[in-house]
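> Task: produce atomic coordinates for the following.
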Amino acid sequence: MASSSKMESDGGDEAQEEEEVEHFDDFTLASSWERFISDIEAVCRQWMADGPKNLLKKDAREVSEEFYKVKYELKAAAKSYSMEYYFGSKSDGKVMNWDSRLHDLQLCFGVKDFLVIAPQSASGVVLDAPEASKLLSAVAIALSNCSSLWPAFVPVHVPARKAYIGIQNMGTVFTRRFEADHIGSQVPVKLMHLEGLYELFVSKFAYSTLDFSMHIFKVHFTMKLTYRSLPHDDDDVQGADADITEAGDDLGGDIPNRTQWDDDCPWSEWYSAEDPVKGFELVALWSEKVVESSMEMAELENCSPHEAQKWMLSPTMSSTLTESSKGNRIGFASQLCLLVDALNMSFEAQFMEDFVSVENPGSDNLKSSMVIPPPTVIDRVLKELFHEGARLPNFAAGEHKTSRAIKAAPLESLFAQFCLHCLWFGNCNIRAISVIWIEFVREVRWCWEESQPLPLMPAIGSIDLSTCVINQKLHMLAICIERKRQLNEEFQDCVGSMDHSSPSIEDDGLDVESEDSCIMQTPGENFDGKRDSPSTPDDLQDSEQSVSRLGAKPEDAAVSADLKSSDCIRRGSAGVTGMMLLKSYQSMHAPFTLEAPLLTEDMHEERLQAVEAFGPSFNCSALLEREILASDMSAFKAANPDAVFEDFIRWHSPGDWESDVTKESGSSNSLATEGSKDDWPPRGRLSKRMSESGNLWRKIWNDAPSLPASEQKPLMDPNREGEKILHYLETLRPHQLLEQMVCAAFRASADTLNQTNYGGLKQMATKIDQLYLTMASALRPLQANRLSPDTDTIEDIRRLRGVFEHVEKLLSIAASLHRKFLQAPRLSEAIFRDCCNFYFPRMGTISSGDNTQKEFEKQQQVAMSERPVVSNMFTPPTANQSWRKVLSLGNLLNGHEPVLREIIFSKRDKVSGNHYAARTPSAYQEELETYRMYVCGTSNDLRVALSVVSCD
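Residues are numbered from 1 along each chain as shown. Predicted coordinates for the structure are as follows:
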């Protein structure tokens, strides 16, 4: 045991000796503070070795445009410090005095790349003066050891003062020291004026016993003045109105409310938007000049800003531009978001009445969360939609070139206006939409039952199948109402005429039928009409003359005379076609035909489904078009009494007539040859499908009577079709209604915004074009009627709403800038281009948790010709706006004093010779800025930053 313990003790001694040998104390780093200097030096050497390019690839963070910083944490004793290196991406170039991209310390001290070392504490500044000096000395030693010329700064005092001390090693001879501080209140009156600031700077290098006003000191001077337009003061407007009232002027009615900036914008009918351009900030720059006395400074203080060498203008933008519409901003986009939510809820019921019915199980939740406006609001909306005397608008006027790609309704149509009203009705909830839709359909039925014209819908024309089904139905209903009214008027006229004409007929004893049978019926309307009426004897004489003139040979006239008995029963002719009949030596006449029945998109789909059900049979299409074929055949028979089935095919379906002339002489002159009386009768045959036994067309021909269009029954029964349309509107499923409403509301909102006058801003026009294309693509799935709740399509529409919001905001900016720069369009284009580049990538990002939004600070230089336009934007302040301004800084612009005055004084000396047996660096042999003072402030505060070069 003793031996083992001895061995253990020997092993422990050996391990202790090994530890003593391995441990090495560097007595050149005697203290923790020196180790701290060494750490700073190591970090600086690493940053110098990497250079800006490599630092950008690592962990550099952007501070401003082309300006970055890297950060490193250090420890000294019990304290932690943060060292930041600020550098530009471009290593060459000189720092400009008034560059808006400059960092605060760059502007204060005229440096380029620099270091900032600060404690990691709540305040971020060094509160103890000895500690600040010691910290700055440590950084200076570290930078000197690694031969770096970077200036270093330490924040001191309290953060509100923005106070710094700093140092820069400029080689072996010169050292520059920095100091900055801020006065937050009680600024001496002398320092509010340029003369006092000039003497303050001169006192830094001149003897204090001298009278500065009597001596000449050549000082370099440059100045930057910032003016800010005042916001609109509501009190001033109210005060002006009160003055007018007290004056007793009779204005002929109530005093109108003050006008808004967007009163002439198309969206002002629906909402009033906040002006995105709150005001403007004008920067007037005086280029560098040499000042020799305080008297010159006093003269400069009285100068007008128009004497400045450069003007830079930037708008003050509203903070809501980067916020989502879910906040306080009201516009089409915010209401469209609510409409999409209503679409998602529309699948919960079978009929619109279920959302307002008390028997609906879910109605309690709907009632508690969704409010319906009072009846007075409903009546007002219906009166605006169905007001009497409304003119039919021109739907194509102001329409975007790609708006028809969206299956919706024209902006001025009834359904589009209904959708726009719904956006602002009861916060666009599903219950409110249900109530207003039910009342809307009732008003439509009233128009139908009373034969009143349907407002904002044309009563003529064909159905536009590129619009939504509801718009097609309303258009067809308007036509049905008009035809119903015409039938009623014709019936009343017919009854009245029979009452007046019956006694005269009985007295004369005339046989009306026998008289009509010997009169040839000719058209009573132009060729573009569809209905005909009996002709007069004058028409008969003209027609006979025209027939006799068609032939060139004597026998033709004889044949024409022999055919008078046949001509006497021709009725409903619209004119000669240029072809001859097969079995009779007569010209073929084209008949007036009835208008084809109007069909909406769903009716076309029903017919297509029927075709698919019957199969690819030829007789299927003829069966569906039987009534139209029978009507056309009857009209053709009436216009051509001696015609046969083959004649009708030649006129109605030329493709089913195989002419022999075509085979012999070609198709170029076949029509002229076939229609010539020299080659009669026409030679040819029916096509294979028309010549088949049991052909449905021939059967219809054989059964069709000879009746002109004026005596036929209309192909479309307006009463039946009108009732079918009303049934469709009354039984429409909620999700089908909301799908069409979403499409119509998006297009109507975009069409409204598209009418905005924003001048020649091409970038805005491009954004609107892109919006329409995006809308057409995103809304296309709603046209298939296969939507279900909470699908990807709903999310796509919500994203579309976000894009719509961005364009709406940019459009408000474009409209505001255009109105403000009517006389300076170049400025509006340049500012809007900067706004697009800045805001469009950031719009809506704050909702995703990005709290580091930057302010728009882009400036545009104002040309000399544009200065009067900009100057007029700074209207003289009123008494309420300027009562606080007791002391003036001078340099007034239309009564506005600068909100910020920045001045840079500098003194430069030529340096030559040796100092302390050291050769002066070549960089400093010509001229050196020995003193520099940056002054920034107003009448309420003052900030001064001083840098002084000393010789070591």
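> which stretches of the stretch 801-950 of the chain have low pLDDT?
Using pLDDT under 70 as the threshold, the predicted model of the stretch 801-950 of the chain has low-confidence ranges 842-854, 879-887, 911-926.
> Actually, the stretch 601-750 of the chain.
611, 614-624, 661-679.
> again, only this time at 50
Across the stretch 601-750 of the chain, the ranges flagged by pLDDT under 50 are 618, 663-673.
> where along it do the helices fall?
With DSSP state H, counting those that start in this stretch as the definition, the stretch 601-750 of the chain shows helices at residue ranges 601-614, 618-624, 626-639, 645-652, 660-665, 670-674, 696-703, 718-730, 734-754.
> Can you redo the ones you listed as JSON lines, where the extra columns are distance to Glu299 and mean neighbour count?
Placement of C-beta: from N, CA and C, glycine included. As requested, the helices of the stretch 601-750 of the chain are arranged in JSON lines below (distance: least, CB to CB, whole Å; neighbours: other CB atoms under 10 Å):
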{"stretch": "helix 601-614", "distance to Glu299": "79", "mean neighbour count": "13"}
{"stretch": "helix 618-624", "distance to Glu299": "95", "mean neighbour count": "16"}
{"stretch": "helix 626-639", "distance to Glu299": "94", "mean neighbour count": "22"}
{"stretch": "helix 645-652", "distance to Glu299": "97", "mean neighbour count": "20"}
{"stretch": "helix 660-665", "distance to Glu299": "100", "mean neighbour count": "14"}
{"stretch": "helix 670-674", "distance to Glu299": "95", "mean neighbour count": "17"}
{"stretch": "helix 696-703", "distance to Glu299": "103", "mean neighbour count": "16"}
{"stretch": "helix 718-730", "distance to Glu299": "80", "mean neighbour count": "17"}
{"stretch": "helix 734-754", "distance to Glu299": "52", "mean neighbour count": "24"}
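> Could you point out which of these sits nearest Ser947?
Between Ser947 and the helices of the stretch 601-750 of the chain, the tightest spacing by CB to CB is seen for helix 734-754, at 53.5 Å.
> and the next element down the chain from that closest one?
helix 762-779 (DSSP states H and E).
> Counting by contacts, list what that following helix packs against.
Using 3 or more CB pairs under 8 Å, 6 or more residues apart in numbering; DSSP states H and E as the contact criterion, the secondary-structure elements in contact with helix 762-779 are helix 734-754, helix 792-820, helix 825-839.
> Please name whichever of the helices of the stretch 601-750 of the chain is nearest to Arg867.
For those, distance to Arg867 was read as CB to CB. The smallest value, 32.8 Å, belongs to helix 734-754.
> Compute the distance from the centre of the closest one to the centre of its chain.
Here helix 734-754 is found 16 Å from its chain centre; the criterion is CA atoms, centre = their mean, to the nearest Å.
> could you dump the helices of the stretch 601-750 of the chain to JSON lines with distance to Arg329?
Compiled in JSON lines, the helices of the stretch 601-750 of the chain are given as follows (distance: least, CB to CB, whole Å):
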{"stretch": "helix 601-614", "distance to Arg329": "37"}
{"stretch": "helix 618-624", "distance to Arg329": "53"}
{"stretch": "helix 626-639", "distance to Arg329": "55"}
{"stretch": "helix 645-652", "distance to Arg329": "61"}
{"stretch": "helix 660-665", "distance to Arg329": "70"}
{"stretch": "helix 670-674", "distance to Arg329": "66"}
{"stretch": "helix 696-703", "distance to Arg329": "64"}
{"stretch": "helix 718-730", "distance to Arg329": "35"}
{"stretch": "helix 734-754", "distance to Arg329": "15"}
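> Looking at the ones you listed, spot the one closest to Trp150.
The nearest among those, by CB to CB, is helix 734-754 at 52.9 Å.
> Let me know the angle separating the closest one from helix 792-820.
Computed with axes from the mean of the first three to the mean of the last three CA atoms, to 10 degrees, the direction of helix 734-754 lies at 20 degrees from that of helix 792-820.
> angle of helix 734-754 against helix 762-779?
Computed by the same axes, to 10 degrees, the angle between helix 734-754 and helix 762-779 is 170 degrees.
> other SSEs contacting helix 734-754?
Based on contacts counted as 3+ CB pairs under 8 Å, 6+ apart, the elements that helix 734-754 packs against are helix 332-345, helix 414-423, helix 430-449, helix 469-508, helix 762-779, helix 792-820.
> Give me whichever of the ones you listed is most buried.
For the helices and strands packed on helix 734-754, ranked by mean neighbour count under the definition mean count of other CB atoms under 10 Å, the leader is helix 414-423 at a mean of 23.
> export it as PDB, just CAs?
Included here for helix 414-423 are C-alpha records, laid out as PDB according to Å, rounded to 0.1, in the frame of the first residue of the first chain:
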ATOM      1  CA  LEU A 414     -76.900  47.700 -64.000                       C
ATOM      2  CA  PHE A 415     -75.200  44.700 -62.500                       C
ATOM      3  CA  ALA A 416     -71.800  46.300 -62.300                       C
ATOM      4  CA  GLN A 417     -73.300  49.300 -60.500                       C
ATOM      5  CA  PHE A 418     -75.100  46.900 -58.200                       C
ATOM      6  CA  CYS A 419     -71.800  45.200 -57.300                       C
ATOM      7  CA  LEU A 420     -70.100  48.500 -56.600                       C
ATOM      8  CA  HIS A 421     -73.000  49.600 -54.300                       C
ATOM      9  CA  CYS A 422     -72.700  46.200 -52.500                       C
ATOM     10  CA  LEU A 423     -69.000  46.900 -51.700                       C
END
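> which helices and strands sit right next to it?
Here helix 414-423 touches helix 332-345, helix 375-385, helix 430-449, helix 469-508, helix 734-754, going by 3+ CB pairs under 8 Å, 6+ apart.
> Least reliable of the ones you listed by average pLDDT, please.
For the helices and strands packed on helix 414-423, the weakest mean pLDDT is recorded on helix 469-508, namely a mean of 75.
> Run through who's touching the host helix or strand of Thr316.
With the criterion set as DSSP H and E, the secondary-structure element containing Thr316 is strand 310-317. When contacts are defined by CB atoms under 8 Å, 6 or more residues apart in numbering, strand 310-317 is touched by residues 100, 228-229, 276-285, 287, 305, 813, 817, 827, 831, 835, 839, 855-862, 867, 870.
> Now the buried members of these.
Neighbour counting by 16 or more other CB atoms under 10 Å classes 228-229, 276-285, 305, 813, 817, 827, 831, 835, 839, 856, 858-860, 862, 867, 870 among the contacts of strand 310-317 as buried.
> Looking at those, which are in strands?
In strands, judged by DSSP state E, the following of the buried ones among the contacts of strand 310-317 are found: 228, 277-285, 860, 862.
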